[in-house]
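Engineer: here are the coordinates; sequence isn't available:
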């Protein structure tokens, strides 16, 4: 009876005990406090930095620019809708006058807004990362299975792994210009250049981690496979791949992080319409708002990178057979 | 006794080490009849597992060889299925799927889909695991995992069932339970079984013959003890059986008098050193 009463006292209306409540509050509040301190330092520090484009933007100015960018996006969208409506009306009129008249449907050719550029970047990074995954996972499995193949390929991995995207880009640009020649390109050349650069820089962690994961298949499970006389393909599918899944995902997460980081640099130089180009254009533009807008881009880049990582974690939790594994 | 089913003749095994070849086994000769239950007993490190792995085909004997039904064994295969010491189930597959993998591999194309499912369920019911068909190994207790491991091995319809300390990691009650199940299964299916064990009672209870191995290096068969106990055997009645107790004391005498293992102190130090080296490597 006595314990029942003390238990009741401990419970609040959420059903949490005092200690739990405190833990929840502390857990929720500490990040907020950290963020506030950061904003304060930023605010105070920014005022003291004078650049050729005026004072460095503080949180308030950046917020204003973010709102501006959203407004621009909305007005551009409105213009696009208006354009298509006008076109529709015009073409309808022309067809009404003469059913055989040639009508032209044009794409709206407005400036890509900030939001458009975020999506272009996302699309580019996903294609580049997807390509890297398609190369790195099968290759990683192969070199994980064969010691000799690993020895043969390892020098290349070690040499190309640390190469910066900025070094790849000129080569990729020239090669793509020389080889990617079609009258009706499905993708713009700058897109292809960015994608290939992202692929080249981001496939290494997946490749290495997959190989390590494959080498780490337990001896016992390999023996099971031998006793069962599993064929090569089934051995890989049922024993090797599932064993290596946690390591493969570690690699994929690292790769995706690198891919996103590399993409911004690649877009800047390849002039692929994306966040990188946005930053570069604002830098060249040099208006008093430019720094604020670049800051918005920086924050968005960071936030999108964070979201991509979370997405990867989600997929990992979904695919990984070991549900008890702590993923973070 | 039936004619020879499985024969080990002059089996020797050397492992290469940095200090030159290490002879683990030397001159192991053993003939096993069909349906016989043989256990291998000996101190740790005496090469019991090596013998089993050679019969399984996982190791290749350096000298001599193994003949099963008149054919030489030189690769692993499902007709000599293995129950591994630590169950070795694929953790990403359910109990059913683990057995299914083996069944599909052995009977794929020979049995229809429905027949295979029936066969999988039949084998899991032999080890009383039908209640947890779709659980993953993580959700099963140690004894249950080992049951599934046995079901997987049985489902391959092996000529010889090889068991590497199958109950070593289990608590005494679970072990007794599984030993009884194993005796039941063996009496109905009549499999030939080779089992490694550390447990004298287990060896006497289950075996038709107990093969006692000398200490390594160059370990070989020291003595073979036939166990003439009526089947079915009941562990409670056996306690009062004179022959049971004679067998027990024979094995115990072999292990603790004739093959008394004196651990040299320097060896223990070496063990610690290599352990520390491992730690350093890991750090």
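Structural biologist: Nice, thanks for sending it over. For clarity, every value in this text was computed on a predicted model and none was experimentally measured.
Engineer: what does the stretch 1-150 of chain B put close to chain A?
Structural biologist: Within the stretch 1-150 of chain B, the residues that sit near chain A (C-beta under 8 Å from any C-beta of the partner chain) are B:56-58, B:75-78, B:80-82, B:84, B:86, B:88, B:90-93, B:101-102, B:105-106, B:136, B:138. (Glycine included, C-beta is placed from N, CA and C.)
Engineer: at 7 Å instead, please
Structural biologist: Residues of the stretch 1-150 of chain B lying close to chain A by C-beta under 7 Å from any C-beta of the partner chain are B:56, B:58, B:76-78, B:81-82, B:84, B:86, B:88, B:90-92, B:101-102, B:105, B:138.
Engineer: Now list the buried members of those residues.
Structural biologist: When neighbours are counted using 16 or more other C-beta atoms under 10 Å in any protein chain shown, these contain these buried positions: B:56, B:58, B:76-78, B:81-82, B:84, B:86, B:88, B:90-92, B:101-102, B:105.
Engineer: Contact partners for the residue in chain A positioned nearest to chain B?
Structural biologist: Nearest residue of chain A to chain B, counting by C-beta to the nearest C-beta: residue A:321, 3.4 Å away. Counting by C-beta atoms under 7 Å, 6 or more residues apart in numbering or on different chains, residue A:321 touches A:242, A:245, B:91-92.
Engineer: so can I have JSON lines of the residues you listed showing distance to residue A:279, secondary structure and pLDDT?
Structural biologist: JSON lines is the format used below for those (distance: C-beta to C-beta, whole Å; DSSP: H, G, I helix; E, B strand; the rest coil; pLDDT from 0 to 100):
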{"residue": "A:242", "distance to residue A:279": "42", "secondary structure": "helix", "pLDDT": "92"}
{"residue": "A:245", "distance to residue A:279": "36", "secondary structure": "helix", "pLDDT": "91"}
{"residue": "B:91", "distance to residue A:279": "46", "secondary structure": "coil", "pLDDT": "91"}
{"residue": "B:92", "distance to residue A:279": "44", "secondary structure": "coil", "pLDDT": "91"}
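Engineer: Now for those residues: which two are most distant?
Structural biologist: A:245 and B:91 (10.9 Å; C-beta to C-beta).
Engineer: quick one on the thing from earlier: between the contacts of residue A:321, which is nearest residue A:87?
Structural biologist: Proximity of the contacts of residue A:321 to residue A:87 (C-beta to C-beta) peaks at residue A:245, which lies at 51.0 Å.
Engineer: The closest one - how many residues pack around it?
Structural biologist: 19 (other C-beta atoms under 10 Å in any protein chain shown).
Engineer: likewise residue B:150?
Structural biologist: Residue B:150, neighbours per other C-beta under 10 Å, totals 26.
Engineer: Skipping adjacent residues, who's closest to residue B:53 in space?
Structural biologist: residue B:59 (4.3 Å; C-beta to C-beta, 6 or more residues apart in numbering or on different chains).
Engineer: you'd agree the one you found is up against residue B:51?
Structural biologist: No. Counting by C-beta atoms under 7 Å, residue B:59 does not reach residue B:51; the two are 9.2 Å apart.
Engineer: Where does the residue of chain A closest to chain B sit: helix, strand or coil?
Structural biologist: Of the three states, residue A:321 takes coil under DSSP: H, G, I helix; E, B strand; the rest coil.
Engineer: Stretch A:226-245 close to chain B?
Structural biologist: Yes. Against chain B, stretch A:226-245 shows contacts by C-beta under 7 Å from any C-beta at A:226-230, A:238-239, A:242.
Engineer: Please compute how far stretch B:61-78 lies from its chain's middle.
Structural biologist: Distance of stretch B:61-78 from the chain centroid (C-alpha atoms, centre = their mean, to the nearest Å) equals 17 Å.
Engineer: Can you give me the end-to-end span of that stretch?
Structural biologist: 19 Å (C-alpha to C-alpha, to the nearest Å).
Engineer: got the phi/psi numbers for the nearest residue to residue B:92 once chain neighbours are set aside?
Structural biologist: Nearest residue to residue B:92, sequence neighbours excluded (C-beta to C-beta, 6+ apart): residue A:321, at 3.4 Å. For residue A:321, the backbone dihedrals (degrees, to the nearest 10) come out as phi -70, psi -30.
Engineer: Distance check, residue A:321 against residue B:137.
Structural biologist: According to C-beta to C-beta, to the nearest Å, residue A:321 and residue B:137 sit 10 Å apart.
Engineer: Please enumerate the shared neighbours of those two.
Structural biologist: Common neighbours of residue A:321 and residue B:137 (C-beta under 7 Å, 6+ apart) are residue B:91.
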